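Trainee: Output the structure for:
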Amino acid sequence: MNGDRVERRLAAILAADVAGYSRLIGADEGGTLQALKAIRAELIDPKIVEHRGRLVKTTGDGLLVEFGSVVDALRCAAEVQRAMAERNSGVLPDDRIEFRIGVNMGDIVVEDGDIFGDGVNVAARLEGLAEPGGICVSARVQEDAAGRLDLAFEDMGEQALKNIARPVGAYRVTLTHPAATAPGSPLPRIAGEGTERQRREAGEGDVLALPDKPSIAVLPFANMSGDPEQEYFADGMVEEIITALSRIRWLFVIARNSSFTYKGQAIDVKQVGRALGVRYVLEGSVRKGGGRVRITAQLIDTTTGAHLWADRFDGSLEDVFELQDKVASSVAGVIEPALRAVEIRRASERETHDLTAYDLYLRALAHSSGSKAALDKALDLLEQAIDRYPQYGPALARAASCRALIDLSGWTENPERNRRAAIDSAERALEAASDDPDTLGSAAHALAYFGENIDAMMALVDRAVGLNPSFAVGWLYSAQIRIWGGQPDLAIEHVERAMRLSPRELLGLHSFIIGLAHFLCRRFEDALPKLTLAVQHLPNAPHRHRVLASCYAHMGRLEEARAVIERLRAVSPVVVPELSQFRNQEHRELILSGLRLAAGETT
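Mentor: Modelled structure (predicted):
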């Protein structure tokens with residue numbers, strides 16, 4: 001290598017390739033190459049230029065791009081994937097051109113316009129971890145981009161990448177795919193807007209108006225096995241999913257008799273949405289091979305045709321009913337947060353003068369964790385919702401939980417007033433809750449934190465997850481209450497149940513509760529990596545810093561404990577709190593004694 005022509009620099013590297021390229025070429029070589037050429041010219045190349053990137057090179061199915069900043073690279077990647085999702089709307093899954101993208105920030109070597117080095121190699125390996133249509137980034141990219149882009153990151157943990165000497169922390173980027181909206185055009189209408197007459201006048205034929213809450217139909221799954229005997233399994237699978245989704249009280253689910261009228265028909269999801277009066281459709285297929293079966297499912301917005309979520313589930317046919325139950329629970333568990341995220345985005349796009357109590361509640365959900373400013377904003381939105389609808393159980397319960405988190409973080413000037421307000425909100429929520437699992441679980445969580453009878457709160461959260469066993473967040477509420485009640489090992493079981501139901505949601509909270517449970521059992525070596533990950537995931541959360549500092553102190557690693565205390569002081573004025581929510585005195589003293597040691601206190 002000629003030293004006069006070698007240059008080193010720090011850069012953001014984007015690596016992309018086409019998922020299933022060989023299959024696409026084998027099916028239609030000419031059409032695939034022509035489509036890729038059009039995508040490059042119409043979408044990818046303009047986006048690279050727009051975000052100040054440099055196209056380094058292309059291969060038959062991929063490309064490598066260099067950017068001067070992480071923000072530019074990640075914004076380009078997100079816009080490309082969103083645009084590709086819109087292009088693929090209505091295209092059969094096997095015919096879609098979908099990219100996998102990896103983004104890394106690292107040192108590169110530049111020679112004759114090409115780039116080399118670990119920074120490039122890591123980006124290429126991360127691209128291989130991404131799902132079709134998805135983006136995978138390194139921990140360094142996540143750290144630089146968090147809070148600067150309207151994107152969410154899901155921690156994938158440390159990954160051992162081929163030919164990379166050290167493990168690399170990886171994150172999956174969570175994308176939403178908003179419908180294309182021309183500048184100056186009205187924002188998309190949400191559930192409850194418009195009338196049947198207005199939609200008929202728009203030329204949409206026989207339609208039903210959307211209900212005033214999120215609505216979904218589960219269509220009959222296609223039997224891809226070529227075996228008529230498997231029809232019963234596919235139909236039973238759909239019935240189980242309908243039953244599981246019906247337990248989500250904020251969701252309007254079309255009954256089986258209506259959705260099964262589409263069995264055996266070619267489906268236009270937009271027409272189905274109009275005919276059944278639903279915003280979302282879940283469709284899927286069942287394929288049997290030997291003694292095993294693969295079930296695929298995808299969630300679609302009927303107003304735009306956009307694919308919001310897709311997954312597959314594999315299992316053995318030895319116990320058909322157990323497999324049906326497992327898949328139904330898994331589908332319901334992941335669809336609930338996916339739909340909630342879409343609904344939050346819809347609410348955030350509405351004009352402020354046209355907000356309902358439900359819209360205000362959804363907006364609050366986007367702020368109900370993290371910094372003091374975020375929690376203050378969430379409480380303001382929730383109080384507006386409660387002013388409009390004083391018996392709105394979900395908003396009352398969420399307000400109580402927000403106040404619990406504010407107290408835990410030491411962010412209130414009047415703890416007693418905050419406590420009374422939280423208890424009042426939680427008790428009013430329970431009066432209005434009926435059988436809503438979310439309201440029951442959230443209220444039980446707040447009341448348990450503020451000292452109400454812990455056994456009663458355990459029973460209340462058990463009722464919540466009994467009403468909806470697929471309610472992943474409910475299992476997290478239960479785990480947290482078990483921690484406070486002195487049952488750390490049971491807390492771990494309940495977190496693991498939540499993770500099985502919704503493996504990509506609230507990963508930092510999963511890590512924290514498991515780490516805290518190990519800590520309370522004095523398994524400090526097991527606790528440390530979980531607590532470290534939890535702090536990295538939400539660095540503004542004081543209580544996570546406190547437990548991490550205490551863990552370091554009990555391990556004799558005082559220098560690291562004191563460094564955590566310094567970071568804690570930057571986010572909270574309270575270093576050593578009372579922690580009265582921990583009913584087990586030994587558990588409470590374990591945290592406090594480590595904190596005092598880390599903070600240099602003698603008493």
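Trainee: Output the below-cut-off pLDDT ranges for the stretch 301-450 of the chain.
Mentor: Filtered on pLDDT under 70, the stretch 301-450 of the chain yields the residue ranges 317, 319-321, 346-355, 370.
Trainee: could you pull out the strands for it?
Mentor: Counting by DSSP state E, counting those that start in this stretch, the stretch 301-450 of the chain has strands at residues 307-316.
Trainee: And the helices in it?
Mentor: Taking DSSP state H, counting those that start in this stretch, the helices of the stretch 301-450 of the chain run over residues 320-349, 357-365, 372-388, 393-409, 415-433, 437-449.
Trainee: what about the helices in the stretch 1-150 of the chain?
Mentor: All helices of the stretch 1-150 of the chain, identified by DSSP H, counting those that start in this stretch, fall at 21-27, 29-39, 45-50, 70-87, 118-129, 139-145.
Trainee: CSV for the ones you listed, including distance to Tyr171 and mean pLDDT?
Mentor: For glycine as for every other residue, the C-beta is placed from the backbone atoms N, C-alpha and C. Formatted as CSV, those follow (distance: least, CB to CB, whole Å; pLDDT from 0 to 100):
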stretch, distance to Tyr171, mean pLDDT
helix 21-27, 25, 83
helix 29-39, 26, 87
helix 45-50, 21, 90
helix 70-87, 11, 91
helix 118-129, 9, 90
helix 139-145, 4, 86
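Trainee: Of all these, which one comes closest to Pro394?
Mentor: helix 70-87 (29.8 Å; CB to CB).
Trainee: coming back round to it: as TSV, the helices of the stretch 1-150 of the chain with distance to Lys57 would be great.
Mentor: Shown next, in TSV, are these (distance: least, CB to CB, whole Å):
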stretch	distance to Lys57
helix 21-27	16
helix 29-39	15
helix 45-50	12
helix 70-87	16
helix 118-129	11
helix 139-145	21
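Trainee: On the three-state scheme, the nearest residue to Ala139 once chain neighbours are set aside is what?
Mentor: Excluding the flanking residues, the one nearest Ala139 by CB to CB, 6 or more residues apart in numbering is Gly169, at 3.1 Å. Assigned by DSSP: H, G, I helix; E, B strand; the rest coil, the conformation of Gly169 is strand.
Trainee: Now render the helices of the stretch 1-150 of the chain as CSV, adding mean neighbour count and distance to Phe450.
Mentor: Shown next, in CSV, are the helices of the stretch 1-150 of the chain (neighbours: other CB atoms under 10 Å; distance: least, CB to CB, whole Å):
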stretch, mean neighbour count, distance to Phe450
helix 21-27, 14, 56
helix 29-39, 13, 55
helix 45-50, 15, 50
helix 70-87, 21, 40
helix 118-129, 22, 42
helix 139-145, 22, 34
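Trainee: from what I can see, Leu282 looks like it's in a helix, true?
Mentor: No - counting by three-state DSSP, Leu282 is not found in a helix; it is strand.
Trainee: Surely it is in contact with Ile295?
Mentor: No - using CB atoms under 8 Å, Leu282 is not in contact with Ile295; the gap is 11.7 Å.
Trainee: picking up where we left off before, now the helices of the stretch 301-450 of the chain as a markdown table including mean neighbour count?
Mentor: Shown next, in a markdown table, are these (neighbours: other CB atoms under 10 Å):
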| stretch | mean neighbour count |
| --- | --- |
| helix 320-349 | 20 |
| helix 357-365 | 24 |
| helix 372-388 | 19 |
| helix 393-409 | 25 |
| helix 415-433 | 18 |
| helix 437-449 | 28 |
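Trainee: Dump the ones you listed into a markdown table; add distance to Ala41 as well.
Mentor: Converted to a markdown table, the helices of the stretch 301-450 of the chain look like this (distance: least, CB to CB, whole Å):
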| stretch | distance to Ala41 |
| --- | --- |
| helix 320-349 | 30 |
| helix 357-365 | 39 |
| helix 372-388 | 42 |
| helix 393-409 | 48 |
| helix 415-433 | 55 |
| helix 437-449 | 47 |
